[in-house]
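below is the sequence, then the predicted model.
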Amino acid sequence: MPRLIDHDHRNDEIAAAAFRVLARDGVAALSVRRVADEAGIATASLRRAFSTQDELRRFCLERLQQDVTTRLLAVTGQGRERAMRWMRELLPLDDSRRTELLVQLQLTRLALTDDGLRGHARDLHDGVHRVCAAAVQELAAAGELASHLDPVLETERLHALLDGLALHLIWTSSIDTVVNADEVLARHLDSLAG
């Protein structure tokens, strides 16, 4: 009798292996064979799921978006507390989120010249923008956004700050830098209250 495959578990293994390859070795190293070796599964088995390298790349971007969305939906609280938690979920503050950002950077760089990836990369960018907009709306709903501020402009400022902090954090793993990023983000959110 053939062995039943838990497809969700297998996809978790494939995504984790692909993310490790991308974070460690870069986009040029991402291949079906390399990911299969990293995951400890037969290349032929992985090739049945991803017949081309492009399919594997798209899978990685889709999986990245799915993982981040799942975490964001689990965030609780309200007002500034909730906004801060959403922003922290998007920053590389631990090894897992650092790997996610490295994956995103590798694949979105490629998407600049790859039409097949461009839409997926744009979805990630737009998703971060939507989270920033939701954070500003959350602050407004809690009375923690000064009435003279333009929510559209504040969304743009928050998105730019978040992107800048993320890139800054990718170059260091110092606990001081992580604490500093938290302080910068907290100070910015506090300044929006007026």
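The structure has been received and is ready for your questions. Residues are numbered from 1 along each chain as shown.

when you work out contacts or count neighbours from here on, use the C-alpha atoms and nothing else.
Fine.

what does the helix or strand that contains residue 12 contact?
According to DSSP states H and E, residue 12 maps onto helix 7-25. Residues outside helix 7-25 that contact it (Cα atoms under 8 Å, 6 or more residues apart in numbering): 29-30, 34-36, 38-39, 59-60, 63, 99-100, 102-103, 106.

switch to 7 Å and redo it
29, 30, 35, 38, 39, 60, 99, 102, 103, 106 (Cα atoms under 7 Å, 6 or more residues apart in numbering).

how about the one helix or strand in the chain whose mean pLDDT sits lowest: buried residues?
Using mean pLDDT, DSSP states H and E, the weakest-scoring helix or strand in the chain turns out to be helix 175-191, at a mean of 88. Buried residues in helix 175-191, counting neighbours by 16 or more other Cα atoms under 10 Å, are found at 177, 178, 181, 182, 185, 186, 189.

roughly how far is that helix from the heart of the chain?
Taking the mean of its C-alpha atoms, helix 175-191 sits 19 Å from the chain's own mean (Cα atoms, centre = their mean, to the nearest Å).

what do you get for stretch 153-165?
Worked out by Cα atoms, centre = their mean, stretch 153-165 lies 15 Å from the chain centre.

next: stretch 110-118.
For stretch 110-118, the distance to the chain centre is 17 Å (Cα atoms, centre = their mean).

one step back: state the pair within the contacts of helix 7-25 that is farthest apart.
39 and 106 (19.7 Å; Cα to Cα).

which of the two has more residues huddled nearby?
residue 39 (21 against 17; other Cα atoms under 10 Å).
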